[in-house]
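Novice: Predicted model and sequence follow; I will ask about them next.
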Amino acid sequence: MVLSLVLMSFAMMTVLFSYNASQLNLKGTKLQQTADNTAYSVASIAARDLNFKAYTNRAAVANQIAVAQMVGLSSWFEMTDKFGENACYALCWVPYVGQVIRVIQRVVRGMNQVAQPLFRVMVYAEDAILYALSESQRIVHFAGIVSTAAATGDVVRANDPQASLDWVQNPLLANDIRNTWFSAQKRHSRSRWRRNSQSYQDFIGVTASSKDPFTQGRSYRLGGIWSVNLGLVKWKTYKTGGSDLIENRRYRRNQAESWTGVDTLSMHYAYFRCSWRGCGWRRREIPVGWGGTRSDNRVELRRQGNRNLWGGSGRTNRSATWLAKRNQQTRGGYNGVRPFYALSDRTARQGRTDNLAVVVSKAQNNVRTTSVVTAGNTRANPAINEQMSGDRMTALAAAQAYYSRPRDLMSTLGWRRSDNKHEYGNLYNPYWQPRLSDTTNGERAFVLTLTELL
């Protein structure tokens, strides 16, 4: 009987130890899952924030191009109106033909008078949209920080009502949130162009690369009777034009950019002539149509001497371009490139944010071992050797937002890069996703030390 009592005591201790081990394993696994879910949720908020900024940056680029189109259409209509006026001046005296030309000229002028106010209103509207997109980025940016702080507690309680996320125990998470929202990305504006010139110029470069064919350049040579070679006499007619964004920093610091458009039409007349100085070709340009438009009154077209602007108009139709600059028109009140968010160089190279580390804990009293459930006296309690650091169970998890363009989809769907090159992280394409990541030795050591102290 004595031997049986001894064996029964060992058997009970074994059962109690197994119960404690299973409870610790079950509660520890559930707490780790809670920490993983919380960290993943924080990374999801960060990824959504980055994707929203990528969408709005793309939308800002599209609306910048819309302003360029309005300015380009305005200059094109001005050129067409001037061409009709010059054609009537030259040919309206011809019987029958002049009457037709006069009617056409009046129709073109009427269309231009209706279209120009519309272009002006559209430029104002697009500028308002650009302002709204810029401010929406700022609102979502700070809303992401607030929602992260609020969502972490909700996610913990939804996964395990007995667990808690104590901010005193989470200085790593607070610092990681600060790094993700204030170091990994920055808001770039014109007033800080010296410090953020690369990101600012990248935005202007993306905008320039996104121009449609009409905005990029509308220059070509007309055929038929517009370009004829008669041997000793020949002429060619060139239509040139384009829309370009002009940076005004050279005239005044932090001056906003301006969209400009120039369209010209000129006949280049050449004839062979001999004189006392010798024989050779004599060339003349005859401007027949021109129009110059700017999106605001900050820029002066006459100061722009780059002949590559506006589809090379100044290089091909020099005289007509000079007339277009001299008769420039202003359409709207465009305020330049609005402030936007861009990644830091380090985050762009890595293609991911740093870890977002989350610490979740549960009081030891909520872990139902034999230290909580009365079973035997203290000396027979196997949970006495299962003391927890800080009298609580703690779990550490980390997650991050990373950039990855889909490569497993058909190229015809438009997701995969056609050149198959690696694409670094950016805020122009919304390919940010959340994922769990490994915690670092430094994070684990810090949490362990903090848990011991608290």
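Specialist: Done, it's in.

Novice: ranges for the strands of the stretch 51-200 of the chain?
Specialist: Under the criterion DSSP state E, counting those that start in this stretch, strands of the stretch 51-200 of the chain are mapped to 185-188.

Novice: And the pLDDT for residue 392?
Specialist: If you check residue 392, the pLDDT there is 69.

Novice: which regions of this structure sit below the pLDDT cut-off?
Specialist: 9, 11-25, 192-196, 250-253, 364-392, 408-415, 454 (pLDDT under 70).

Novice: center of it, which residue is that?
Specialist: Centroid-nearest residue in the chain: residue 57, 2.9 Å away (criterion: CA atoms, centre = their mean).

Novice: Surely it and residue 337 touch.
Specialist: No - here residue 57 lies out of contact with residue 337, judged by CB atoms under 8 Å, at a distance of 11.0 Å. Glycine gets a C-beta too; all of them are placed from N, C-alpha and C.

Novice: Give me the secondary structure label for residue 205.
Specialist: Three-state call for residue 205 (DSSP: H, G, I helix; E, B strand; the rest coil): helix.

Novice: For residue 448, see how far away it is.
Specialist: 48 Å (CB to CB, to the nearest Å).

Novice: the more surrounded of these two?
Specialist: In this view residue 205 and residue 448 are compared by other CB atoms under 10 Å, and residue 448 has more residues nearby, 13 against 10.

Novice: Going by secondary structure, that one is in what exactly?
Specialist: helix 441-453 (DSSP states H and E).

Novice: in that helix, what's buried?
Specialist: By 16 or more other CB atoms under 10 Å, the buried positions in helix 441-453 come out as 443, 446, 447, 450, 451.

Novice: Same list (these) but as TSV, adding distance to residue 197.
Specialist: Output for the buried residues of helix 441-453, formatted as TSV (distance: CB to CB, whole Å):
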residue	distance to residue 197
443	35
446	37
447	40
450	41
451	45
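
Novice: Run through the residues that contact residue 280.
Specialist: 272, 273 (CB atoms under 8 Å, 6 or more residues apart in numbering).

Novice: wait, isn't residue 155 in contact with residue 41?
Specialist: Yes - assessed by CB under 8 Å, residue 155 is found in contact with residue 41 at 4.8 Å.

Novice: For residue 269, grab phi and psi.
Specialist: Main-chain dihedrals, residue 269, degrees, to the nearest 10: phi -100, psi 130.

Novice: So what pairs up with it in the strands?
Specialist: Residue 269 has these beta-bridge partners by DSSP bridges: residue 235, residue 284.

Novice: what's the neighbour count on it?
Specialist: 15.

Novice: need the helices for the stretch 251-400 of the chain, in chain order.
Specialist: 309-316, 318-326, 345-350 (DSSP state H, counting those that start in this stretch).

Novice: of the ones you listed, which approaches residue 47 most closely?
Specialist: helix 345-350 (12.8 Å; CB to CB).

Novice: what's in contact with that closest one?
Specialist: So helix 345-350 is contacted by 184, 185, 353, 424, 425, 426 (CB under 8 Å, 6+ apart).

Novice: do that again at 10 Å, thanks
Specialist: 50, 179-180, 183-186, 198-199, 202, 342-344, 353-354, 400-403, 424-427 (CB atoms under 10 Å, 6 or more residues apart in numbering).

Novice: Mind listing what's buried along it?
Specialist: In helix 345-350, counting by 16+ other CB under 10 Å, buried: 347, 348, 350.
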